[in-house]
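K.L.:
sequence and predicted model, in that order:
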Amino acid sequence: MKKLFKGHGMILGSGLAGLIVAMGLARCGDSTSGTDLTYIQIERLARAGINEALVISPKLMLAFNGVGPSLDLKTPAADVVAEVAQVLTALYGGACFLGLTPHGGCPTGTGASIFGADNKLNSATAAKAAEYVTLIAGQFLPDVLRIDTGVASTYLTLCAGGAAGKPLLCGGRKPDDDSILVTYTYLLNGKAFVDSGLTSGFVDDNVTYAGTGAQGQGHAAVDYATFPFLPVAY
């Protein structure tokens, strides 16, 4: 795990910041004793829902998962960044169509009003979509979990003062934080979410640790008293 310090905050790198999943592969014909292995990085997991939501091509997903965040904004990742921009544009348009409030708002309203005569985003909505892409891509790339020691430790917390006025999820991540709920809400309903002080405006997936969602789906509670802080039995 790499640690990059910036100001009083800390960026934990290695993909979605934190957890590298690696697989040891013995070269063909070599001994399997474990003395001659090649390790490759195959996943980024700490900042959940970013690569899975924004990189959709299998080839680009493999490429993205195989490198560290130091390459996210460089030429080798240009194709990945271009696809992320396309997906973010679609997410913005979908949020406006559904009546949600993505960052920047929906300048011509919701529903069919976001489209022009050619069934593409009208010029005003397309311009706002471009602003949204710049904002979100700038916050999620490089793809690291940001930890600001000046704010509460939870995935729901924004950085103290934001980043140049642009809020980020900056409180690290606890084992029972609902990171998917927070991430997708931030992407689809970010303006309402942030304006409310992160207390409402959730895009709910109906899955909770308590199992109280509409579908009754949940996880066992985390045992914070005993390392390695795994869920206790149901």
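P.N.:
The structure has been received and is ready for your questions.

K.L.:
dihedrals phi and psi, the closest residue to Asp79 other than its chain neighbours?
P.N.:
Excluding the flanking residues, the one nearest Asp79 by Cβ to Cβ, 6 or more residues apart in numbering is Leu60, at 6.0 Å. C-betas here are computed from N, CA, C, even on glycine. Backbone torsions for Leu60, taken as degrees, to the nearest 10, come to phi -70, psi -30.

K.L.:
what's near enough to touch Leu60?
P.N.:
Leu60 makes contacts with 79-80, 83, as judged by Cβ atoms under 8 Å, 6 or more residues apart in numbering.

K.L.:
specify which member of those is nearest to Ala46.
P.N.:
Nearest to Ala46 among those is Val80, at 18.0 Å by Cβ to Cβ.

K.L.:
now do the host helix or strand of the closest one: which elements does it pack against?
P.N.:
Assignment of secondary structure by DSSP states H and E places Val80 within helix 78-97. In this structure, helix 78-97 makes packing contacts with helix 50-54, helix 58-65, helix 123-140, helix 179-195, judged by 3 or more Cβ pairs under 8 Å, 6 or more residues apart in numbering; DSSP states H and E.

K.L.:
could you list the buried residues of the first one?
P.N.:
Of the residues in helix 50-54, those buried under the neighbour-count criterion (16 or more other Cβ atoms under 10 Å) are 50-51, 53-54.
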